[in-house]
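Asks: need a 3D model of the sequence below.
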Amino acid sequence: MTLAAPARRRKNAPAPDDRPARLLAWYDRHRRALPWRAPPGEVADPYRVWLSEIMLQQTTVKAVGPYFEKFVARWPDVAAMARASLDDVLRMWAGLGYYSRARNLHACAMAVARDHGDVFPDTEDGLRALPGIGPYTAAAIAAIAFDRRTMPVDGNIERVVSRLFAVEEALPQAKPRIQKLAATLLGPSRAGDSAQALMDLGATICTPKKPACSLCPLDDDCAARVRGDQETFPRKAPKKTGVLRRGAAFIVLRGDEILLRTRAAKGLLGGMTEVPGSDWLAAQEDAAALAQAPRINGVMQWHRKAGTVTHVFTHFPLELAVYTARVPPRTRALGGSRWVPIAKLADEALPNVMRKAIAHGLGA
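Replies: From the prediction side, this is the model:
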């Protein structure tokens, strides 16, 4: 593992040990106003910090904002969420992706209510013992909500730190080194603000492309900027692309109703709502997928819609053929399925891939 030589400092440039203070001074002037962030001088609400951190995992601030507002309006504290059903939480989460987060969110709320009297633990170890809270999330909540002196490292902070110190090792192997370097940017107090300052710096100044280095409070110390190759950091190992899987989605219509079912609680999209479908397998032929179509009242007359629906999951891309069929009024649903008015689909816990399939099937 190699680090670039320290950047040559400008005359009268501030000393590196002033970096935490400079970072906080910048944050006090330029902090983002976010719906889950406490106003200056106010104590952060652990519930809002926790909810936002779970939602922000692998999701953008822009996408999370409306969901966060919707959740806190429905469940203003952890006790309220603990009383909710998992189905309600999944329905509210639908469209945000990575649905295991929603299941863990509900499980965590129940654990805090049951085991901690509706009060979040205030240490990293205590937080990590809760469902769905890993090392990063525990550090973020501990720092931001309880001002514990720890530095959570998200993607924004990884970028800032890897450029500041010109960390040559590629991710993910570089993570432990970046974590140690990030901790050097903590001052003696205001740990939560230090973390949020680095997050904001990465989101608004030290961006992936065309960073605004002249506006950065750490500009004088940045080894990558001196070299002129800051956009090449952090170094990343080549991304592995999963093998394409193929399958079919079956849109069964009864008048203005559609046949839906709930996926198994565990596994991909666990507990979410779907239309009947085939297995998703690599190199699966259309005939093999069609052979898995549901059968209601004997033989079904399937119409294949032109084109396919594509969706990319974390580990593989998916391509679905979409088939439609109509059944007579009063046809009973298959076991484990139910008829849902098409006008009520917005209330269902449908993941994006299923919304795409339904929209494709109902299209002209």
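Asks: now do Arg177 against Ala166, distance only.
Replies: 12 Å (C-beta to C-beta, to the nearest Å). All C-beta spots, glycine's among them, are computed from the backbone N, C-alpha and C.
Asks: an error on my part: the question was meant for Thr241.
Replies: Thr241 is 29 Å from Ala166, by C-beta to C-beta.
Asks: more crowded one of Arg177 and Ala166?
Replies: Ala166 (23 against 17; other C-beta atoms under 10 Å).
Asks: for the chain, longest helix please?
Replies: helix 100-116 (DSSP state H).
Asks: got a list of contacts for that one?
Replies: Helix 100-116 is touched from outside by 50-51, 54-55, 57, 78-79, 81-84, 86, 89-90, 93, 96, 118-120, 130-133, 265, 270-271, with contacts defined as C-beta atoms under 8 Å, 6 or more residues apart in numbering.
Asks: show me these that map onto helices.
Replies: Checking the contacts of helix 100-116 against DSSP H, those in helices are 50-51, 54-55, 78-79, 81-83, 86, 89-90, 93.
Asks: selection in ChimeraX covering whichever of those residues are buried, please.
Replies: Remark: buried members of the ones in helices among the contacts of helix 100-116, expressed as a ChimeraX selection using 16 or more other C-beta atoms under 10 Å:
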select :50,51,54,55,78,81,82,86,89,90,93
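Asks: out of the ones in helices among the contacts of helix 100-116, the closest to Phe313 would be?
Replies: Trp93 (16.3 Å; C-beta to C-beta).
Asks: contact partners for that closest one?
Replies: Tyr67, Tyr99, Arg101, Ala102, Leu105, Ala349.
Asks: hmm, try it at 7 Å
Replies: Counting by C-beta atoms under 7 Å, 6 or more residues apart in numbering, Trp93 touches Tyr99, Ala102.
Asks: where does it sit relative to Ser189, distance-wise?
Replies: Distance from Trp93 to Ser189, by C-beta to C-beta: 36 Å.
Asks: please identify the buried residues of the helix or strand where Leu181 lies?
Replies: For Leu181, the host element (DSSP states H and E) is helix 175-183. Of all the residues in helix 175-183, those buried under the rule 16+ other C-beta under 10 Å are Arg177, Ile178, Gln179, Leu181, Ala182.
Asks: of these, which is the nearest to Cys222?
Replies: Among these, and counting by C-beta to C-beta, the member closest to Cys222 is Leu181, at 12.5 Å.
Asks: done for today, thanks.
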